[in-house]
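Asks: Take a look and give me a structure for this.
(chains A and B, ligands or ions: 3)
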Amino acid sequence: MNEMIFEAKDLSRSFAVGSSPLQDFTDHFLRNRQPAVLRAVDNVSMTLNEGETLGVVGESGCGKSTLARMIAGILPASSGERRFRGEDYDSFLRRKRDALKVQMVFQDPMSSLNPRLRVGEIVGEAAVLHGLVPRSRVKDYVVDILARVGLPADSVGRYPHQFSGGQRQRVGIARALAVKPDMLICDEAVAALDVSVQAQIINLLLDIRRDSGLAMIFISHDLGVIRHLCDRVAVMYLGRVVELAKTSELFASPTHPYTRMLLDGMPKISAQRRRFMPIQGEIPSPLNPPSGCHFHPRCPMVTDHCHRVRPELREIEPGHVHACLNVEPHSKRL
Amino acid sequence: MSIASFQDFARRFAESRSAVISLTVSLVFVFCAIFAPLLAPTDPYDLTHLQLSDALKPTGSKRMLPGEEVRVNIRVNNGAITVLPASPTKTRLSLAASSCGPNCLTVSVEPTAARLGSLQVRNLPNGATIEGAKKHPIQPWWTIDNPESSEVRITSATSLPASFTLLAIAKSLDQETDFVFRLGTDNFGRDMLSAILYGIRISVVVGLVAAGAAMVLGTALGLFAAWQRGVTDAIIMRAVDFMLGLPALLIGLAILAILGNGVSKVVLAIVIVQWSYYARTARSFAMSELGKEYVEAARCLRLSPVRIMLRHVLPNCMPQIIVLFTLNIAAAISMESSLSFLGVGLPLTRPSLGMLIASGYEFIFSQKYWISIYPGVVLLVMIVAMNLLGDRLRDLNNPRLDR
Ligand SMILES: Nc1ncnc2c1ncn2[C@@H]1O[C@H](COP(=O)(O)OP(=O)(O)OP(=O)(O)O)[C@@H](O)[C@H]1O
Ligand code: SF4
Ligand SMILES: [Mg+2]
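Replies: Ligands and ions are numbered 1, 2, ... in the order given. The predicted structure follows:
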């Protein structure tokens, strides 16, 4: 169970913003100017074990989706290393049929399904093309999978617009399951849904995980959902992981100032102590992030040091890492 | 598209009366194009049946059969009469001779209904005369102008020689036939109605083939650019900008000046002009589709780029491309007509609408308006109909006008 299924080491991704190839060319050679670069994901390292669920939380724009796409192999990394069961990711992705082992569920139930295809083709297409099922048996195969995600058999012949948001998300899950993945990345898979529907979809994901032992990466900005679903949690801030720990430990004793603020902002039903501290300040622009520790403009514990030095991830307890210069091991409460 | 959404689409389309009319008109033109050989009263490509006597006839006039001249030698030898044709060509008129008693000979014209301009018999023996005929002052030639009957009688008071030879010449007048030129004729005597029907056929074929080929080529390049991005995209799009910057007609003229005329070359010229519209449209819509999550899902399912573009992205760009196609058919038709009007399009033997307009242009001030006006009206109606159709399709595709 503790075998590693996926590993990322110093994974980074930057985007050149607001430029075209021609402009890059002229900027580079004629004006001697570097194009503006946005580091959406900045030196992220993480591991995922077989059957485990890793949560990723962070504010909007902190690079969660970019990370998810790199992990899913649909976005090349700018630098860093990815491994699937120990194998280098590029050679893994080249074997198309094996690469199906990593699948993704998307956020937007409207745009994540091709409006021109029937559900039967959306779900069955890849399985047929990659030879997982013969074309003659694909209909039964799709009906089986639709049943697993709680959709009636007659959905096969219908178009996405004939379904509700929750049902569409089930179609999206069925599409991923149809190619028998070992690892599933859910990028805000429930964020766009009503609360009651969210619960249904989360229960469906829990059922699937229980039945098939999938490893999952669950991305969300909803801490409640993360706490409910995940074994471990990574907290991201402006493209970097600032804290990563077991769910229970992270929620019980967060160490990074940013994590603490996030948890304090989280509505608690059994809130005895009212330690209310709104996260001050705007989210800085990822195009022009603060120097040193990205969090320093908003951090209550900021020191001079923080402006200059980039904090590296340090283990403060076994399995619990964070990136803060000022919070030392065993001084978790302050 | 499902049946329900197609019905919905049809219903919304039908809300515009002009759209329905233009669709009907367009279908009529397509019908004319397909069945032109059956609908046209004559074959305008058949040059052997053209006669200059029919040239520049106004609307509603009848085709004339031109007058003929027949010559035969009539030999009488001891009462036996033989008729030998003296003119080499085959004619509708024919002459016969028979005896009508002693010292009497009848020369008759077949068919009897033919209206004759003159009937002349030469080399009559001495003493013989023809009733009602005028004799040439010097020669022994007897002529009846505008004869009432189709036969002449040669009689002699004295007895005729045992053997002699006559030369009979019949000239018929131009004759009206039942065939009506409903839209008049052009300067070659071509029936305008037939020429217009065949012209519609050329226009529709050129429009469909050229716009279709441009659509395939341009869409493929646009999708390729959208998928590749980067340098490939930049190169293709600069080429598009370049093409869009030049006047279409000028490019067409230049290409045809180099290649010479002909249907396939006109089509090629139009494709070279029009592919850029499709490339631009296909690229921009493909770009926006490529940003959607279903494309990322398809990539995650490790589908091939070709499959993603053709099976997933293209169908979602198709509505806009179809709109462009409809509008570009009209543009292709007008470009073909313009090129033909300018004399570099199609060869003279295969008149298209543009060339008919051009050939009538020199006669328009001598009140022979029909050669230019009728093809012009047809062309106008055809292009307006296609444009209205395209506009309606575009409106239906515009989400901002969606209720
Ligand atoms: N293709 C791209 N080109 C340029 N910038 C991009 C691109 N994709 C993402 N970004 C930028 O990278 C940053 C991280 O984006 P990302 O979508 O990963 O954030 P996120 O954490 O998923 O946010 P959200 O919670 O809103 O989904 C953002 O500032 C975004 O503008
Ligand atoms: S490094 Fe400094 S600024 Fe960053 S979180 Fe720690 S204390 Fe705050
Ligand atoms: Mg996101």
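Asks: Could I get the full set of strands for the chain?
Replies: Let's take chain A. Using DSSP state E, the strands of chain A run over residues A:4-16, A:37-49, A:53-57, A:79-84, A:87-88, A:102-105, A:183-187, A:215-219, A:232-237, A:240-246, A:314-317, A:320-322.
Asks: sorry, should have said chain B
Replies: Counting by DSSP E, chain B has strands at residues B:61-65, B:69-77, B:80-85, B:94-99, B:104-110, B:116-122, B:128-130, B:134-135, B:141-145, B:151-156, B:163-172, B:175-181.
Asks: counting contacts, what elements does the first one pack onto?
Replies: It refers to strand B:61-65. Judged by 3 or more CB pairs under 8 Å, 6 or more residues apart in numbering or on different chains; DSSP states H and E, the packing partners of strand B:61-65 are strand B:175-181. For the C-beta atoms, the positions are set from N, CA and C on the backbone; glycine is no exception.
Asks: got the domain boundaries for chain B?
Replies: Under the assignment automatic domain parsing, the domains of chain B span B:3-58+B:182-401, B:67-173.
Asks: Tell me if the longest helix belonging to chain B is near chain A.
Replies: As assigned by DSSP state H, the longest helix anywhere in chain B is helix B:192-228. No. Contact of helix B:192-228 with chain A (CB under 8 Å from any CB of the partner chain) is absent, the minimum separation being 10.8 Å.
Asks: Count the residues that sit near residue 325.
Replies: If you meant another chain, say so; for now it's chain A. Number of residues near A:Leu325 (other CB atoms under 10 Å in any protein chain shown) recorded here: 19.
Asks: look at chain B instead
Replies: The burial count for B:Phe325: 22, using other CB under 10 Å.
Asks: The residue of the stretch 251-400 of chain B found nearest ligand 1 and ligand 2: what is the separation?
Replies: Proximity of the stretch 251-400 of chain B to ligand 1 (CB to the nearest ligand atom) peaks at B:Gly291, 8.3 Å away. Per CB to the nearest ligand atom, to the nearest Å, B:Gly291 is found 34 Å from ligand 2.
Asks: Report pLDDT for B:Val70.
Replies: At B:Val70, the pLDDT value in this model is 89.
Asks: do the same with A:Ala271
Replies: pLDDT for A:Ala271: 42.
Asks: Pull up the gap between the nearest residue to B:Gly343 once chain neighbours are set aside and B:Gly199, please.
Replies: Excluding the flanking residues, the one nearest B:Gly343 by CB to CB, 6 or more residues apart in numbering or on different chains is B:Ala358, at 6.8 Å. Applying CB to CB, to the nearest Å, the value for B:Ala358 to B:Gly199 is 12 Å.
Asks: circling back to that earlier point, between the strands of chain B, which gets nearest to ligand 2?
Replies: Closest to ligand 2 of these is strand B:175-181 (CB to the nearest ligand atom; 94.2 Å).
Asks: could you pull out the helices for the stretch 301-403 of chain B?
Replies: Assigned by DSSP state H, counting those that start in this stretch, the helices in the stretch 301-403 of chain B fall at B:305-307, B:314-341, B:353-361, B:370-397.
Asks: Adding distance to ligand 1, write those helices out as JSON lines.
Replies: Listed next are the helices of the stretch 301-403 of chain B as JSON lines, based on distance: least, CB to the nearest ligand atom, whole Å:
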{"stretch": "helix B:305-307", "distance to ligand 1": "18"}
{"stretch": "helix B:314-341", "distance to ligand 1": "20"}
{"stretch": "helix B:353-361", "distance to ligand 1": "49"}
{"stretch": "helix B:370-397", "distance to ligand 1": "27"}
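Asks: Can you lay out these as a markdown table showing mean pLDDT?
Replies: Output for those, formatted as a markdown table (pLDDT from 0 to 100):
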| stretch | mean pLDDT |
| --- | --- |
| helix B:305-307 | 95 |
| helix B:314-341 | 92 |
| helix B:353-361 | 89 |
| helix B:370-397 | 91 |
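Asks: any idea which residue sits dead centre in chain A?
Replies: Note on chain A: the residue nearest the mean C-alpha position is A:Ile219, at 3.8 Å, using CA atoms, centre = their mean.
Asks: and that residue, what does it touch?
Replies: Contact analysis of A:Ile219 by CB atoms under 8 Å, 6 or more residues apart in numbering or on different chains lists A:Gly55, A:Val56, A:Val57, A:Lys64, A:Ser65, A:Leu67, A:Ala68, A:Ile185, A:Cys186, A:Asp187, A:Glu188.
Asks: That one pairs with what?
Replies: Per DSSP bridges, the residues bridged to A:Ile219 are A:Val56, A:Asp187.
Asks: Without its sequence neighbours, what residue ends up closest to the residue of chain B most remote from its centre?
Replies: Distance to the chain centre peaks in chain B at B:Thr158, reaching 64.1 Å (criterion: CA atoms, centre = their mean). Of all residues beyond its chain neighbours, the one nearest B:Thr158 is B:Gly127 (4.4 Å), with distances taken as CB to CB, 6+ apart.
Asks: Am I right that the one you found is in contact with B:Pro161?
Replies: No. B:Gly127 lies out of contact with B:Pro161 (CB atoms under 8 Å); the separation is 9.5 Å.
Asks: lowest-confidence helix or strand of the chain?
Replies: Looking at chain A here, since you left the chain open. helix A:21-29 (a mean of 67; mean pLDDT, DSSP states H and E).
Asks: think we crossed wires, I meant chain B
Replies: Among the helices and strands of chain B (confidence taken as mean pLDDT, DSSP H and E), helix B:3-14 ranks last, showing a mean of 82.
Asks: Contact residues of the stretch 51-200 of chain A facing ligand 1?
Replies: A:Gly58, A:Ser60, A:Gly61, A:Cys62, A:Gly63, A:Lys64, A:Ser65, A:Thr66 (CB under 6 Å from any ligand atom).
Asks: how about stretch B:315-327: buried residues?
Replies: The neighbour-count check on stretch B:315-327 (16 or more other CB atoms under 10 Å in any protein chain shown) flags B:Asn316, B:Cys317, B:Met318, B:Pro319, B:Gln320, B:Ile321, B:Val323, B:Leu324, B:Phe325, B:Thr326, B:Leu327 as buried.
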